[in-house]
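Here is my input; please provide its structure:
(4 chains)
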Protein chains: 2
Amino acid sequence: MPRPREFDPDLVLDRAMELFWAKGYEGTSISDLEEHLGMGRQSIYGAFGGKHELYVKAMDRYMVTGSSGRKCLLDPDAGAEEIREYFKGLIATVTQEPRRSCMLINAAIEGDCEHPAVAGKCTDNQQNLTRAFRHALDGAIAKGQLDRKTDTNALALSLVSQSFGLNVMARNGTTPATLSKVVESALQVFK
Amino acid sequence: MPRPREFDPDLVLDRAMELFWAKGYEGTSISDLEEHLGMGRQSIYGAFGGKHELYVKAMDRYMVTGSSGRKCLLDPDAGAEEIREYFKGLIATVTQEPRRSCMLINAAIEGDCEHPAVAGKCTDNQQNLTRAFRHALDGAIAKGQLDRKTDTNALALSLVSQSFGLNVMARNGTTPATLSKVVESALQVFK
DNA sequence: CTAGTTATTGACCGATCGTTCAACCACAAG
DNA sequence: CTTGTGGTTGAACGATCGGTCAATAACTAG
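Next up, the predicted model:
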């Protein structure tokens, strides 16, 4: 019977996620990971396979633990208020210092999305967010907060675009107050 | 008197811009630049100083030659139509294969924005675009295409966010048709 | 206890990174 | 022509990259 592991895989993945999130894929070296994860190279390779495999697994971990923000959108009774809540949380997240945009946006821009597994997660994320918005928008119509004739699919996509854009604007140093004005303006479709 | 240069600095900067734009700062090596620019390392260092200096100068070049898209917004008579035109051009640009998002967005996300000179250009770009949108929006109000009570500053910021978001969605493989729906939805504020 | 299996450790691999050194070369002033 | 100035060339620098090898340590089944 083998020698037992000295670390908790999930905890280590969280640490790896932090590092990849903060520094990007190419910007993170194995040495960085050794230090931040508190384990030797060979242990990393033995447990996760390699840098890119670890990156992909860290992205999986991110999608589980990090995307809890849109949970409110999926509330069965979600409507305009939940959408406002989502953006409020998003602004708080992306303006925390040091500023870091959504890891999946980073991946898409960094060009790591050329790798099929990474690209798939990026598009999955976009589609999940679109669906969540559409759900809440349909709820908003049911509540009379939105014009019944609204194309909720198109509007959902537009809100996804807004979400992504807020990430970029935050990286450019835009203040939370200004970002709130952006959201306010975008959400004037509600009565 | 010295030996004359064998290259055209502006032309070389254009080539450098292409490469940094396509592969990012960290993803571009000096060897790549040697090949793509058709000159030796020492000539590059002699003419531009170093990789990062060259990158900054390539960004300057990008802001001059690459941001011609928003020119239409600055038309003195600009209004809703020019804003539609801008987005139409943007979608065409970001969905060209191979897909590449705005170089300044890449810089902001890649984290090169930590460098003051780069960060400054990113925020400058955002402010320039905001001003251009506001100008066109004010024009739209004057033309009766937009509610007079609209906060054009906030709406301009929202359109900036949409622009940035479109770049990210395009990188995620979103089709031009879908991106057009996003814009259509966002521009329903016009009558 | 011994034997067997796997995690851990640290040194090391070739490749590539950004940068620099030294020799060479092309041109204009004299 | 000679001379000097600065662009060009190619080799080389130390550092770091991602990845691997061999030896050691920790544990359990018997």
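
Mind checking the pLDDT average for the helix ranked longest in chain A?
In chain A, assigned by DSSP state H, the helix with the most residues is helix A:116-142. Mean per-residue pLDDT for helix A:116-142: 97.

residue ranges with poor pLDDT in chain A?
A:112-113 (pLDDT under 70).

Tally up the residues packed near the nearest residue to residue A:189 once chain neighbours are set aside, please.
Nearest non-adjacent residue to residue A:189, counting by CB to CB, 6 or more residues apart in numbering or on different chains: residue A:146, 6.4 Å away. Every residue, glycine included, has its C-beta placed from N, CA and C. Burial measure for residue A:146: 22 neighbouring residues, criterion other CB atoms under 10 Å in any protein chain shown.

which residues does the nearest residue to residue A:136 once chain neighbours are set aside contact?
Nearest residue to residue A:136, sequence neighbours excluded (CB to CB, 6+ apart): residue A:78, at 4.0 Å. Counting by CB atoms under 8 Å, 6 or more residues apart in numbering or on different chains, residue A:78 touches A:72, A:135-136, A:139.

In a markdown table, list those residues along with distance to DNA strand D.
What follows is these, written out as a markdown table (distance: CB to the nearest atom of the strand, whole Å):
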| residue | distance to DNA strand D |
| --- | --- |
| A:72 | 37 |
| A:135 | 39 |
| A:136 | 40 |
| A:139 | 45 |
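
Helix or strand: which one has residue A:6?
Assigned by DSSP states H and E, residue A:6 falls within no helix or strand.

which SSE is the residue nearest to residue A:136 in?
Using DSSP H and E, no helix or strand contains residue A:78.

hmm, back to that, restrict the helix or strand following the longest helix of chain A to CA atoms and write it as CSV.
Per DSSP H and E, helix A:116-142 leads on to helix A:152-171 as the next helix or strand towards the C-terminus. Extracted in CSV, the C-alpha atoms of helix A:152-171 (Å, rounded to 0.1, in the frame of the first residue of the first chain):
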residue,chain,number,x,y,z
THR,A,152,-35.2,38.3,-23.7
ASN,A,153,-32.6,36.3,-25.5
ALA,A,154,-31.1,39.3,-27.2
LEU,A,155,-31.3,41.4,-24.0
ALA,A,156,-29.6,38.6,-22.1
LEU,A,157,-26.8,38.6,-24.5
SER,A,158,-26.5,42.3,-24.2
LEU,A,159,-26.2,41.9,-20.4
VAL,A,160,-23.5,39.3,-20.8
SER,A,161,-21.7,41.8,-23.0
GLN,A,162,-22.1,44.4,-20.2
SER,A,163,-20.8,42.0,-17.6
PHE,A,164,-17.7,41.3,-19.7
GLY,A,165,-17.2,45.0,-20.4
LEU,A,166,-17.4,45.8,-16.7
ASN,A,167,-14.5,43.4,-16.1
VAL,A,168,-12.4,45.2,-18.7
MET,A,169,-13.3,48.7,-17.4
ALA,A,170,-12.5,47.7,-13.9
ARG,A,171,-9.0,46.6,-15.1
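
Flag every residue of chain A that's near DNA strand D.
A:1-4, A:26, A:28-32, A:41-42, A:45, A:50-52 (CB under 7 Å from any atom of the strand).

quick one: contacts for the most centrally placed residue in chain A?
In chain A, the residue lying closest to the centroid (CA atoms, centre = their mean) is residue A:102, at 4.2 Å. With contact set as CB under 8 Å, 6+ apart, residue A:102 has these partners: A:66, A:94, A:125, A:164, A:167.

about what we covered before: report the two of the residues of chain A next to DNA strand D separated the most.
A:1 and A:26 (39.5 Å; CB to CB).

When these two are compared, which one has more neighbours?
Taking neighbours as other CB under 10 Å, residue A:1 and residue A:26 compare with residue A:26 leading, 15 against 3.

Report the separation between that one and chain B.
From residue A:26 across to chain B, the span is 5 Å (CB to the nearest CB, to the nearest Å).

again, but for residue A:67
15 Å.

coming back round to it: weed out the non-buried ones from the residues of chain A next to DNA strand D.
For the residues of chain A next to DNA strand D, burial is judged from neighbour counts taken by 16 or more other CB atoms under 10 Å in any protein chain shown, and it is met by A:28, A:51.

Pick the one among the residues of chain A next to DNA strand D closest to chain B.
residue A:26 (5.0 Å; CB to the nearest CB).

Is the closest one in a helix, a strand, or coil?
When classified by DSSP: H, G, I helix; E, B strand; the rest coil, residue A:26 comes out as coil.

which non-adjacent residue is nearest it?
residue B:26 (5.0 Å).

doesn't residue A:27 make contact with that neighbour?
Yes - contact criterion CB atoms under 8 Å: residue B:26 and residue A:27 qualify, at 6.3 Å.

can I assume residue A:5 is in contact with residue A:39?
No - when contacts are counted by CB under 8 Å, residue A:5 is not listed as touching residue A:39 (9.6 Å).

So between those two, which is more surrounded?
residue A:39 (18 against 12).

three-state assignment of that one?
coil.

what's around the residue nearest to it when sequence neighbours are not counted, how many residues?
Spatial nearest neighbour of residue A:39, excluding adjacent residues (CB to CB, 6+ apart): residue A:7 at 6.0 Å. Look at residue A:7: counted by other CB under 10 Å, it has 13 neighbours.

From residue A:51, how far off is residue A:7?
Here residue A:7 is placed at a distance of 18 Å from residue A:51 (CB to CB, to the nearest Å).

Fine by me, thanks again.
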